[in-house]
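Participant: Structure for the following, please:
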Amino acid sequence: MEKGFRQMLVERQKKVNSLICIGLDPLPEKVPDCIRGGSLWSRVAIQMIEIVDATAQYTSMFKPQKAHYEAIPEGQKALQAIVNHIHYRYPDIPVFLDCKRGDIDRTQQRYRIAHFEIDGVDGMNFSPYMGKDCMEQLVDEDNLGRAIVGLCYTSNKSVREIQDVKLADGRHYWEFVAETILHWAWQLGITYDAGLVMAAAYEIKKGSGEIFSWHLSRGREIVGDKLWFLIPGIGTQQGFIEETVKAAYAGPGSIAINSSSGITFASMGPDFAKAVAGAAFDLWKQIRNAVKILEKEGKQ
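Facilitator: Predicted structure coming up:
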């Protein structure tokens with residue numbers, strides 16, 4: 001990777017006017033019947049590569065989820081085929097691995113080698129729970145442009161039991177995590193390419209009509225535009241696009257809005273490639289409209 005991750009993201013987002021990150025998370029039971037013959041891993045690879053080709057024009061990055069390949073016999077072969085295809089066919093689209101690793105120093109070093117050198121991805125996320133080692137040991141002095149993104153405010157409901165805990169000084173635990181990851185990134189000299197996982201805006205209670213996006217605007221207050229946000233929760237998790245963009249967007253390269261199953265499983269029929277392209281286009285339009293509203297308001 002000659003350019004750093006975030007520079008690639010900036011240039012790609014400008015080129016296709018897109019903030020979309022497409023998750024490539026296969027499930028054996030959702031491989032279309034029209035993909036016949038061969039091993040499971042090869043059918044998965046064919047499905048995901050066709051999805052890549054169908055959606056590339058609408059996306060600024062691709063994000064395979066490691067566990068979905070680990071759970072398939074010889075799934076590493078599928079992952080490798082997909083990553084290689086993206087790098088060869090679409091060299092300007094960064095590939096980010098969703099793996100959420102976080103361990104002691106020597107183990108985290110192994111993850112660095114496994115994912116950056118063997119899987120060949122351009123960025124990955126990590127859990128900061130075991131301290132600075134979790135970030136520091138992913139840094140390679142010869143490849144400082146890789147994206148290293150910490151879990152901060154995630155989109156699963158049960159995590160509020162942990163991330164919303166109030167500290168003695170009144171901050172939430174996730175606010176402390178955001179400040180800490182920014183500090184680590186500065187110490188390690190990787191601030192520009194580092195980032196945070198920050199959930200999309202969501203409805204506080206189903207049917208209430210009350211949308212919560214304070215975590216995104218508060219996250220921006222804490223880190224400014226120094227760190228970029230990887231934003232899950234759109235699509236099947238029913239995150240709200242306009243509120244997400246309004247609270248978090250700070251120009252090209254500042255956010256990537258992920259959608260996985262909402263796009264990749266748009267159809268299981270022989271038309272699946274056409275269907276996923278349509279789903280990606282619909283999301284592209286919604287996000288573009290949200291950005292235009294923000295620009296019209298003079299906030300960008």
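Participant: pull the longest helix from the protein.
Facilitator: helix 272-296 (DSSP state H).
Participant: roughly how far is it from the heart of the chain?
Facilitator: 17 Å (Cα atoms, centre = their mean, to the nearest Å).
Participant: Quick one: list the elements packing against that helix.
Facilitator: Counting contacts by 3 or more Cβ pairs under 8 Å, 6 or more residues apart in numbering; DSSP states H and E, helix 272-296 packs against strand 20-24, helix 40-55, helix 241-248, strand 255-259, helix 261-264. All C-beta atoms are positioned from the backbone trio N, CA, C, and that covers glycine.
Participant: what sits up against that helix?
Facilitator: 17-20, 22, 32, 34, 47, 50-51, 53-55, 58-59, 234-235, 241-242, 244-246, 249, 257, 259, 262-264, 266-267, 269, 300 (Cβ atoms under 8 Å, 6 or more residues apart in numbering).
Participant: From I190, how far out is E141?
Facilitator: 10 Å (Cβ to Cβ, to the nearest Å).
Participant: which of these two has more neighbours?
Facilitator: The neighbour comparison of E141 against I190 (other Cβ atoms under 10 Å) goes to I190, with 21 against 7.
Participant: buried stuff in the longest helix of the chain?
Facilitator: Buried positions in helix 272-296, judged by neighbour count with 16 or more other Cβ atoms under 10 Å: 272-273, 275-281, 283-284, 286-287, 290-291, 294.
Participant: closest to N84 among those residues?
Facilitator: Closest approach between the buried residues of helix 272-296 and N84, by Cβ to Cβ: A273, at 19.5 Å.
Participant: Can you check the pLDDT for R110?
Facilitator: For R110, the model assigns a pLDDT of 98.
Participant: Quick check: what element follows the helix or strand hosting it along the chain?
Facilitator: Using DSSP states H and E, R110 sits in helix 105-112. As assigned by DSSP H and E, the chain's next helix or strand after helix 105-112 is strand 123-126.
Participant: residue nearest the centroid of the chain?
Facilitator: L230 (4.7 Å; Cα atoms, centre = their mean).
Participant: now the particular helix or strand that has that one in it: how far from the chain's centre is it?
Facilitator: Using DSSP H and E, the secondary-structure element containing L230 is strand 228-231. Distance, stretch centre to chain centre, for strand 228-231: 7 Å (Cα atoms, centre = their mean).
Participant: can you tell me the average pLDDT over that strand?
Facilitator: On average, strand 228-231 scores 98.
Participant: Strand partners (parallel or antiparallel) of it?
Facilitator: Here strand 228-231 has these sheet partners by DSSP bridges: strand 195-198 (parallel), strand 255-259 (parallel).
Participant: The longest one: how far from the chain's middle?
Facilitator: Relative to the centre of its chain, strand 255-259 is centred 6 Å away, using Cα atoms, centre = their mean.
Participant: For that strand, which outside residues touch it?
Facilitator: By Cβ under 8 Å, 6+ apart, strand 255-259 touches 9, 19-23, 60-61, 63, 96, 200, 228-235, 241, 244-245, 248-249, 279-280, 283, 287.
Participant: Let me know the pLDDT of V16.
Facilitator: Reported pLDDT for V16: 97.
Participant: again with E210
Facilitator: Listed pLDDT for E210 reads 84.
Participant: What are the contacting residues of the helix or strand where C134 lies?
Facilitator: Using DSSP H and E, the element containing C134 is helix 133-136. With contacts defined as Cβ under 8 Å, 6+ apart, helix 133-136 is touched by 101-105, 108, 126-128, 148, 150, 181, 184-185, 188, 194.
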